[in-house]
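Novice: here is a sequence with its predicted model. Questions after.
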Amino acid sequence: MTLRKILLFLFLIVNVFCYSQKISLYKQFYGSYDFTMLGNTLNLIQNGGNVPCDILTESSATLNIQTNQTVEAAYLYWSGNGGEKEADLEVKLNGIVVKSQKENYSYLGANNTGGIFSAFADVTSIIKSNGNGNYILSDLDLKEIIPLYCKNNVNYGGWSITIIYKDDTIIDNLVAIYDGFEVINTSNPAIDIILDGFKVTRKDNSQVAFLAWEGDNHDGIGEELNINNKSVFNALNPADNAFNGTNSFTGSSELWNMDLDLYELDNYINGGDTSLKIQIKTGRDIVIINTVVLSLYSIFPDATVEILKADNFCNSRVVNLDFEVSNLEGDYLLKKGIPVSFYIGDEFFATVETKKDIREKESLLDKVSFLVPQKYGDSFQVIAKVDDNGKGGGIVYERDEDNNESFYDVKLLKDCVIPKGVSPNRDGVNDSFDLLGFSVLNLKIFNRYGTLVYEHKEGYKNQWIGQDNNGRELPSGTYFYVFVTKDETFSNYVQLIREVN
């Protein structure tokens with residue numbers, strides 16, 4: 001091993017992962033959709049060896065989709081050297097300024113040195129406006145900091161756009177975009193990425209694509225890409241060096257220190273599969289996974305939620321909701337653990353996870369309680385959102401992502417009336433000592449001599465109809481009560497009236 005490679009090896013084994021983000025679902029499209037990717041490197045040549053320490057500030061790539069395909073969404077990713085203080089988070093796409101909407105960082109050296117970053121922006125409007133043609137990514141300027149990275153052969157920069165397009169000849173296809181910023185190297189030599197929540201209906205035309213950074217075509221020692229425990233390779237990407245600076249979408253093998261790799265999945269999945277396991281390994285080379293795009297035919301659940309009832313106790317601001325999560329239009333089970341979040345306006349209050357799988361055409365009942373601040377007054381609207389983690393993100397593929405909400409108008413109970421009399425004659429009027437508006441923790445009833453004749457612990461609603469603790473009828477007369485709620489203690493008299501035969 002040369003001295004230069006020894007230094008690189010030592011640099012990598014002290015890797016510190018800071019702010020790096022695991023690959024997770026960002027966005028999904030279901031129906032008549034598929035995808036393509038374009039992009040380019042800023043490296044003049046593959047890093048390593050005695051090559052000039054320089055980098056471009058712009059490069060270009062071409063979009064060419066068919067006339068029957070229309071752009072639905074487009075997402076720009078760019079990445080390169082630099083930590084939080086050095087990262088270039090503002091670039092131009094065809095002369096239009098694009099600012100990063102989310103970033104990830106990691107550090108390849110000890111003490112937060114050797115920073116690298118990825119940035120993201122939704123550029124759908126730019127791509128829709130320009131259509132097919134040449135795209136130039138410019139003003140990604142890493143020139144000042146590149147010399148710090150050249151000496152360790154980890155200098156890189158580049159960009160890519162993932163484009164989702166609609167094509168009416170495609171039916172029931174899932175396109176799912178996963179992103180993050182996971183580094184695989186000698187101190188973290190393997191990662192697993194599990195994709196699930198679907199059920200494959202046909203394996204033909206299924207594909208998976210990767211946007212990765214820093215791979216080399218000369219340093220594939222111990223490098224593997226496995227899908228469902230099978231080694232993955234194609235003409236551009238050999239089994240022992242999957243991330244090697246190639247672009248499957250153009251056929252180029254000169255995408256220096258960057259990969260846009262596309263693999264057919266026909267030989268790696270089967271109809272009925274409900275998950276996809278991706279494993280990436282390295283023996284020496286750094287590989288940084290930024291984006292994974294999955295395209296396959298599938299069936300899905302369809303989560304909906306409905307708030308059935310809302311109540312609260314007198315003079316309390318705690319709201320109790322009964323709600324139902326359903327999978328009525330889905331054609332695959334809805335796995336347990338689906339988050340249901342509750343909001344008033346845009347303010348989040350609570351999340352409950354479903355406790356069981358919900359099969360097709362089935363529903364599951366549940367409850368939630370939360371305290372509502374005074375600023376919302378006594379009347380407000382509660383919003384329930386299924387497959388929502390409280391931050392606007394979901395965890396499951398669905399047939400329809402636009403039917404996940406339920407709205408319910410709530411009016412808080414105030415100035416509740418405590419009955420002054422009980423006449424248990426079963427006429428439906430004052431038959432019981434009704435305290436349904438209160439959250440009673442304990443109720444005691446005494447006769448006029450101060451003797452305790454009836455007591456009920458937590459959960460009292462309207463059970464006293466003039467009986468003692470043994471269930472025997474008490475005589476008509478004046479009785480005295482004391483009941484305790486979470487916030488108050490109430491005491492007064494109640495008149496027990498029985499009809500005379």
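Specialist: Noted; the coordinates are in hand. Fair warning: this is a prediction, and the values are worked out from it, not measured in the lab. Numbers count the residues shown, from 1 in each chain.
Novice: looking at the longest strand seen in the chain now, give me its mean pLDDT.
Specialist: When the chain is parsed with DSSP state E, its longest strand is strand 199-213. Strand 199-213 comes out with an average pLDDT of 94.
Novice: what is the distance between the helix or strand just after that strand and the centre of its chain?
Specialist: Tracing the chain past strand 199-213, the next element assigned as helix or strand by DSSP states H and E is strand 224-227. Put simply, strand 224-227 sits 25 Å off its chain's centre (C-alpha atoms, centre = their mean, to the nearest Å).
Novice: what does stretch 125-139 give?
Specialist: On C-alpha atoms, centre = their mean, the centre of stretch 125-139 falls 29 Å from that of its chain.
Novice: what does stretch 469-483 give?
Specialist: Distance, stretch centre to chain centre, for stretch 469-483: 56 Å (C-alpha atoms, centre = their mean).
Novice: hmm, Asn47 is touching Asn217, no?
Specialist: No - the criterion here is C-beta atoms under 8 Å, and Asn47 misses it with Asn217 at 11.3 Å. C-beta here means a position set from N, CA and C on the backbone, and glycine is covered the same way.
Novice: so what's Gly459 closest to, chain neighbours aside?
Specialist: Val440 (7.5 Å; C-beta to C-beta, 6 or more residues apart in numbering).
Novice: if we can go back for a sec, the more surrounded of Asn47 and Asn217?
Specialist: Asn47 (22 against 19; other C-beta atoms under 10 Å).
Novice: could you say which helix or strand contains that one?
Specialist: Secondary structure (DSSP H and E) places Asn47 outside all helices and strands.
Novice: give me the phi and psi angles of it.
Specialist: Phi and psi for Asn47, reported as degrees, to the nearest 10, are phi -70, psi 160.
Novice: so who does Trp159 touch?
Specialist: When contacts are counted by C-beta atoms under 8 Å, 6 or more residues apart in numbering, Trp159 touches Gly39, Asn40, Leu42, Ser59, Leu76, Tyr77, Trp78, Ser79, Val91, Leu137, Leu140.
Novice: what about 6 Å?
Specialist: Applying C-beta atoms under 6 Å, 6 or more residues apart in numbering to Trp159 gives the contacts Gly39, Trp78, Leu137.
Novice: just give me the closest of these to Trp464.
Specialist: Closest to Trp464 out of these is Trp78 (70.7 Å), distances taken as C-beta to C-beta.
Novice: list the contacts of that closest one.
Specialist: Applying C-beta under 6 Å, 6+ apart, the residues near Trp78 are Ala119, Leu140, Trp159.
Novice: mind doing that once more with 7 Å?
Specialist: Val91, Ala119, Leu137, Leu140, Trp159 (C-beta atoms under 7 Å, 6 or more residues apart in numbering).
Novice: pLDDT at it, what is it?
Specialist: Looking at Trp78, the pLDDT reads 98.
Novice: hang on, Phe349 in a strand?
Specialist: Yes - membership of Phe349 in a strand is supported by DSSP: H, G, I helix; E, B strand; the rest coil.
Novice: surely it meets Phe342?
Specialist: Yes - applying C-beta atoms under 7 Å, one finds Phe349 in contact with Phe342, separated by 5.0 Å.
Novice: joint contacts of those two?
Specialist: Counting by C-beta under 7 Å, 6+ apart, the shared contacts of Phe349 and Phe342 are Phe370.
Novice: between these two, who's got more neighbours?
Specialist: Set Phe349 next to Phe342 and count neighbours by other C-beta under 10 Å: Phe342 wins out with 26 against 18.
Novice: ok, Phe313 to Val417 distance?
Specialist: Noted for Phe313: a distance of 14 Å to Val417, by C-beta to C-beta, to the nearest Å.
Novice: of those two, who's got more company?
Specialist: In this view Phe313 and Val417 are compared by other C-beta under 10 Å, and Phe313 has more residues nearby, 21 against 8.
Novice: once you drop chain neighbours, what's closest to the more buried one?
Specialist: Take Phe313 and drop its neighbours on the chain: the residue closest to it by C-beta to C-beta, 6+ apart is Ser439, 4.0 Å away.
Novice: over to Gly222?
Specialist: Nearest residue to Gly222, sequence neighbours excluded (C-beta to C-beta, 6+ apart): Gly283, at 1.9 Å.
Novice: might one say that the one you found is in contact with Gly220?
Specialist: No - using C-beta under 7 Å, Gly283 is not in contact with Gly220; the gap is 8.2 Å.
Novice: those two: who's more crowded?
Specialist: Using other C-beta under 10 Å as the criterion, Gly283 and Gly220 rank with Gly220 on top: 22 against 14.
Novice: next, count neighbours for Val305.
Specialist: Per other C-beta under 10 Å, the neighbour tally for Val305 reads 25.
Novice: go ahead and confirm it touches Ser406.
Specialist: Yes - if you go by C-beta under 7 Å, Val305 and Ser406 touch, sitting 4.9 Å apart.
Novice: anything in contact with each of those two?
Specialist: Ala384.
Novice: pLDDT-wise, which helix or strand of this structure ranks last?
Specialist: Least confident helix or strand, the chain: helix 3-13 with a mean of 38, by mean pLDDT, DSSP states H and E.
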